[in-house]
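K.L.:
no FASTA, just this:
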């Protein structure tokens, strides 16, 4: 699934971020611990201009702890990067975030000036809630839907730190099919931009593959249906999502599946692994090299014809 969803305020946010990036010391990137790579905006790396980054795997209480540790190890192996997990019950850890930023920008600390951090992330990963926790009062608008924050703001914290908030923005086109589905299933993309039935089919296939016991236990399925369609059909009948004549109401069943998946009622779940993304990156490099080889070959052939 290729998703195009780039509202006007997101385009504006990208331009504003680029303008002020030279003034920033540290990037705080909030990502969803359930989809640690799919919720990383590829534009962040291009905008950050080599600035050190603190990656916060938020909503870690909803994520698979084994897979989360693998992602922490992966991100912490990257240069100029520190990664931690977080959920909003961890008040003490939230208070440590300014100190972690100072550790990533020691030159700024030595000059006895406030560390300037920019908080970034795609919609609905919890940026605004984190800001309110850091400030100690409600200063950023919070909503359980994507794209609540529309404008950039700068906040002075009491511990020698200035925090710049940015609107959550997606990149113009999500090319990776599975990433698009994962973002939609997690709630990062507005429900008005997706087809519920389509995303529920993806969720059913993923759960049957990676977490079959959870799926069976939650929806009381005696046996695992063989296809995603059969999974959704079985859940619809278990939950009474039927129209007159016993016809399955797919939309209602899809809403139930996605709502329970997003709320954590199927237990801690992570949609993707480090291993699969390492393989995707390897194949992408090979594809790019092959494309470059073919382009060079075509150029040589054209030069030969023009002699």
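P.N.:
Perfect, thanks for sending it. All values derive from a computational prediction rather than experimental measurement.

K.L.:
Please count neighbours and contacts with C-alpha atoms only from this point.
P.N.:
Noted.

K.L.:
Wait, residue 34 touches residue 64, no?
P.N.:
Yes - applying Cα atoms under 8 Å, one finds residue 34 in contact with residue 64, separated by 7.3 Å.

K.L.:
okay, these two: which has more neighbours?
P.N.:
residue 34 (29 against 16; other Cα atoms under 10 Å).

K.L.:
Can you check which residues contact both of residue 34 and residue 64?
P.N.:
269, 270 (Cα atoms under 8 Å, 6 or more residues apart in numbering).

K.L.:
Not counting its neighbours along the chain, what's nearest residue 70?
P.N.:
In space, and not counting its chain neighbours, residue 70 is closest to residue 274: 6.7 Å by Cα to Cα, 6 or more residues apart in numbering.

K.L.:
Hmm, that neighbour is touching residue 71, no?
P.N.:
Yes - if you go by Cα under 8 Å, residue 274 and residue 71 touch, sitting 6.2 Å apart.

K.L.:
dump the residue contacts of residue 242.
P.N.:
Neighbours of residue 242 in contact, by Cα under 8 Å, 6+ apart: 236, 248, 249.

K.L.:
Which of these fall in strands?
P.N.:
residue 248 (DSSP state E).

K.L.:
on that earlier part again, neighbour count: residue 274 and residue 71, which is higher?
P.N.:
Each of residue 274 and residue 71 has its neighbours counted (other Cα under 10 Å); residue 71 has more, 24 against 18.

K.L.:
Who are the packing partners of the helix or strand where residue 298 lies?
P.N.:
In this assignment (DSSP states H and E), residue 298 forms part of helix 274-306. Judged by 3 or more Cα pairs under 8 Å, 6 or more residues apart in numbering; DSSP states H and E, the packing partners of helix 274-306 are helix 65-76.

K.L.:
immediately after the helix it packs on, which helix or strand?
P.N.:
strand 81-86.

K.L.:
What's the mean pLDDT across that following strand?
P.N.:
Strand 81-86 shows a mean pLDDT of 94.

K.L.:
which parts of stretch 113-127 are buried?
P.N.:
For stretch 113-127, burial by neighbour count (16 or more other Cα atoms under 10 Å) applies to 114-127.

K.L.:
where in the chain is pLDDT low?
P.N.:
Counting by pLDDT under 70, the ranges of the chain that qualify are 1-14, 108-112, 139-152, 158-159, 167-173, 190-194, 307.

K.L.:
What are the boundaries of the helices in it?
P.N.:
In the chain, the helices defined using DSSP state H lie at 8-20, 42-48, 65-76, 91-104, 106-110, 127-135, 177-186, 196-210, 212-219, 228-238, 250-262, 274-306.

K.L.:
Name the residue closest to the centre of this protein, please.
P.N.:
residue 39 (1.7 Å; Cα atoms, centre = their mean).
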